[in-house]
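*Asks:* predicted model follows, preceded by the sequence.
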Amino acid sequence: MPVNYNKGFDLPLTACGDANTWQYNFVMPSGAGSEKRFIPSNGASGPVPLGVLQDDPQSTNVGAVRVFGSTLVKYDGSGTAIVYGDFIMAGSTGMAVIAAGSIVQGIALTAIASGASIIGEAFIFPGGWSALADNTP
């Protein structure tokens with residue numbers, strides 16, 4: 001298991017559902033209610049992910065969402081293995097996948113073999129940044 005140095009910036013946001021299976025997944029803003037709320041990221045249309053959920057709050061409880069810095073993250077693992085330095089983004093399940101195209105939401109800090117729901121370390125940044133180079137470390 002990689003070391004999580006717990007270096008980053010977290011936002012306190014309210015869960016729009018039981019988030020016990022969302023820990024270390026990307027989450028995105030929810031339009032429900034007037035509070036700062038989050039739901040699992042779908043990696044497709046809709047809001048860009050806010051960051052990675054650090055804990056597992058129950059519905060309507062506050063959780064910590066890492067929006068910048070080092071974090072543990074769940075990798076989808078259904079496709080290609082991820083190597084150190086790969087650009088990553090939120091996939092359709094909210095788990096990290098290798099970035100497709102030029103928009104990236106983080107950089108893998110650990111190599112991950114293919115396999116579902118494997119936890120590794122990444123450096124994430126808010127929103128989606130455009131990659132200025134290819135995905136080769």
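*Replies:* Yep, it's here.
*Asks:* ok, residue 73 to residue 22 distance?
*Replies:* Using C-beta to C-beta, to the nearest Å, residue 73 is found at 12 Å from residue 22. No exception for glycine: its C-beta is placed from N, CA and C like everyone else's.
*Asks:* now swap in residue 124 and tell me
*Replies:* According to C-beta to C-beta, residue 124 stands 15 Å off from residue 22.
*Asks:* kindly report the domain assignment for the chain.
*Replies:* Domain ranges of the chain: 8-69, 70-123, per automatic domain parsing.
*Asks:* can you put these in TSV and add mean pLDDT, mean neighbour count and distance to residue 129?
*Replies:* Shown next, in TSV, are these (pLDDT from 0 to 100; neighbours: other C-beta atoms under 10 Å; distance: least, C-beta to C-beta, whole Å):
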stretch	mean pLDDT	mean neighbour count	distance to residue 129
domain 8-69	86	18	10
domain 70-123	86	19	6
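*Asks:* check this structure and tell me which residue is nearest its centre.
*Replies:* Centroid-nearest residue in the chain: residue 26, 3.1 Å away (criterion: C-alpha atoms, centre = their mean).
*Asks:* so that one bridges to which residues?
*Replies:* In this entry, residue 26 is beta-bridged to residue 52, by DSSP bridges.
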